[in-house]
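> structure here, sequence nowhere to be found:
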């Protein structure tokens with residue numbers, strides 16, 4: 001009888017189920033961990049670009065963390081970047097590069113990046129980027145007389161670059177410089193007609209005199225002696241013709257910059273993908289050797305899903321803001337994403 005009573009009491013005892021741990025709070029776009037991941041991503045993007053200019057972080061649009069295990073997270077980032085005035089070949093650290101102002105006809109980069117944080121160490125697994133110039137209409141509204149970006153193979157631009165490089169080579173006592181690529185070009189028509197161009201150059205194994213005799217024999221210096229540089233030129237066509245050019249050689253860099261995609265065509269200096277475009281598209285799609293083949297498609301699927309959730313949350317918040325508030329109402333904290341704008345919004 002006692003055994004039966006004990007069994008009944010045991011059955012009636014409440015069963016305490018284990019309560020699963022609450023998931024971690026969503027990471028804010030302005031959280032130090034998000035910013036550290038974004039810094040690693042931007043360094044990776046600039047390190048794997050072969051055309052145009054270095055880009056700087058403007059805003060973290062979205063961040064999503066997917067735990068994989070103890071001290072092992074996968075981080076998905078959506079980043080807004082802005083073009084700086086440092087060419088991709090420049091040894092100048094990104095922190096010392098200036099973001100081009102709005103009136104300089106800014107170029108924005110949009111990137112989706114997948115990273116892994118393992119035992120506190122960040123590594124980029126894959127990235128996908130593209131860039132675009134701000135609309136000419138936006139620039140003209142703020143600065144009607146500012147020069148605007150034009151196609152890199154514009155006839156006036158090619159004329160200006162050719163004249164500037166010939167002029168510089170005729171004055172230099174150093175090696176003959178060869179055009180690598182045109183990085184940026186703008187034309188102003190009023191009140192003066194001015195063509196402004198920026199272009200990357202490389203030192204060759206020829207002197208100016210040797211180049212004049214047989215320019216076709218002049219080759220870029222080998223990797224262990226390579227010397228790249230950057231030029232800015234302004235060709236005034238009216239009212240008074242004038243030509244100004246300034247070139248800076250960076251000196252040999254160890255290790256030498258990786259430039260497999262830079263064009264060496266001295267007639268135009270353009271990669272085929274740049275013809276007809278106003279800026280070199282950031283256009284980076286890169287997988288780390290450690291990443292799976294599906295990393296890029298996984299990024300797109302994950303970020304598109306996150307974007308739809310973010311847009312819905314923003315729409316709901318906007319609708320919620322239309323409701324009258326009682327006196328003393330304290331508004332909720334801002335959403336964790338998107339983050340702060342570091343420079344300006346395009």
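Nice, I can see it. Computed from a prediction, not measured in an experiment: that's the story for all the values here.

> against residue 67, how distant is the nearest residue to residue 103 once chain neighbours are set aside?
The spatial neighbour of residue 103 that comes closest, neighbours along the chain excluded (C-beta to C-beta, 6 or more residues apart in numbering), is residue 143 at 4.5 Å. Bear in mind the C-beta positions are built from the backbone N, C-alpha and C, glycine included. Separation of residue 143 from residue 67 (C-beta to C-beta, to the nearest Å): 48 Å.

> residue 32: neighbour count?
Using other C-beta atoms under 10 Å, residue 32 has 8 other residues around it.

> for residue 57, give me its contacts.
Contact analysis of residue 57 by C-beta atoms under 8 Å, 6 or more residues apart in numbering lists 38, 39, 42, 79, 80, 81, 342.

> if we use 10 Å, what do you get?
If a contact means C-beta atoms under 10 Å, 6 or more residues apart in numbering, then residue 57 has 35, 38-39, 41-42, 45, 79-82, 94, 99, 109, 111, 339, 342-343 as its contacts.

> SS state for the most centrally placed residue in the chain?
The centre of the chain sits closest to residue 55, judged by C-alpha atoms, centre = their mean, with a distance of 3.8 Å. Under DSSP: H, G, I helix; E, B strand; the rest coil, residue 55 falls in the strand class.

> quick one: it and residue 108 touch, right?
Yes: contact criterion C-beta atoms under 10 Å: residue 55 and residue 108 qualify, at 8.9 Å.

> list the residues that contact both of these two?
Listed as contacting both residue 55 and residue 108 by C-beta under 10 Å, 6+ apart are 80, 81, 82, 83, 131, 282.

> quick one: which of the residues you listed is nearest residue 59?
residue 80 (4.2 Å; C-beta to C-beta).

> count the neighbours of that closest one for me.
With other C-beta under 10 Å as criterion, residue 80 counts 21.

> ok, it - contacts?
55, 57-61, 108-111, 338-339, 341-343, 345-346.

> hey, what's it bridged with?
residue 59, residue 110 (DSSP bridges).

> could you pull out the helices for the protein?
When secondary structure is read from DSSP state H, the chain shows helices at 2-12, 32-47, 136-142, 155-171, 208-213, 295-321.

> circling back to that earlier point, from residue 338, how far out is the residue nearest to residue 103?
Going from residue 143 to residue 338 by C-beta to C-beta gives 27 Å.

> okay, those two: which has more neighbours?
A direct count of neighbours by other C-beta under 10 Å for residue 143 and residue 338 places residue 338 higher, at 18 against 15.

> was I right to think the more buried one contacts residue 29?
Yes: taking C-beta under 10 Å as the definition, residue 338 is a contact partner of residue 29 at 5.6 Å.

> wait, residue 93 sits on residue 86?
Yes: Residue 93 is within contact range of residue 86, at 8.8 Å (criterion: C-beta under 10 Å).
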